[in-house]
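From the sequence below, what's the structure:
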Amino acid sequence: MNFSRQQADPRRHIGGLAFVIGLHALIVWALVSGLAKKVVDVVRAPIDTKVIEEVKKPPPPPETVVPPPPKMEAPPPPFIPPPEVQIAPQPVAQPTITATQVAPPPQEFKATPAPVTQPVAAPAPVSAGVVCSNYTSVMGDVAYPRDAQRQGIERGEALISFVVGANGVVKDVKVVSASNPIFARASLRIVAEYKCQGQGHDVPVLVPFGYSMQ
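As a prediction, the model looks like this:
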């Protein structure tokens, strides 16, 4: 294709020329008909301007000052009148008549001797075999104290007293005499094993112990 021949073809510019001619014709018609004058008049019309005032907020109301509450003071105490003290009049001493009596002469009293009460004799101590049922069996199991054997003591004795209560309880156990503390302690252990029977009253018991190393 020959590009230079295509650009030189006048038929391609007919449309553009026709548009330009039409546009000029339209402008001329507008000027003739006065349309352009109306446009100018509209543009020249006065422009109304309004000043918009700034709306100011009303000032806040003044703060109300609340007065402080009144001080509550305690009311004064009620007046209490002092008690009336009534003073009784002192009694007037009246004269009295006193009579003196003459005491009769003292009478003679003869003292009578009080009856002599003889002390009640304490019951005589009994043997442990009378009130203690296991006396024989306990005494049969008695062995010679080992402490006495180690010390070479071949013989010893002790005397023990106690009381059998009304209910059979053994009480008031005492060492009356002893040849050596070893035999006293051994005898007390033997008495602690007695089982005695109550007789309805306290019964004193006296038990002699004799020890011999065989």
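
In this structure, mark out all the helices, start to finish.
For the chain, helices defined by DSSP state H occupy the ranges 3-7, 14-33, 35-44, 128-131, 135-140, 146-150, 181-191.

Which of the ones you listed sits closest to His201?
helix 128-131 (11.3 Å; Cβ to Cβ). All C-beta atoms are positioned from the backbone trio N, CA, C, and that covers glycine.

if we can go back for a sec, who wins for proximity to Gly165 among the helices of the chain?
helix 128-131 (10.4 Å).

Now do that closest one, average pLDDT.
Average pLDDT, helix 128-131: 86.

Show me what Cys196 bridges to in the sheet.
On the basis of DSSP bridges, Cys196 is bridged to Cys132.

Does it touch Val131 like I think?
Yes - using Cβ atoms under 8 Å, Cys196 is in contact with Val131, at 4.9 Å.

For my notes, please list the helices of the chain in JSON lines and give mean neighbour count and distance to Pro61 for each entry.
Shown next, in JSON lines, are these (neighbours: other Cβ atoms under 10 Å; distance: least, Cβ to Cβ, whole Å):
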{"stretch": "helix 3-7", "mean neighbour count": "8", "distance to Pro61": "86"}
{"stretch": "helix 14-33", "mean neighbour count": "10", "distance to Pro61": "65"}
{"stretch": "helix 35-44", "mean neighbour count": "10", "distance to Pro61": "52"}
{"stretch": "helix 128-131", "mean neighbour count": "18", "distance to Pro61": "118"}
{"stretch": "helix 135-140", "mean neighbour count": "13", "distance to Pro61": "118"}
{"stretch": "helix 146-150", "mean neighbour count": "13", "distance to Pro61": "117"}
{"stretch": "helix 181-191", "mean neighbour count": "18", "distance to Pro61": "112"}
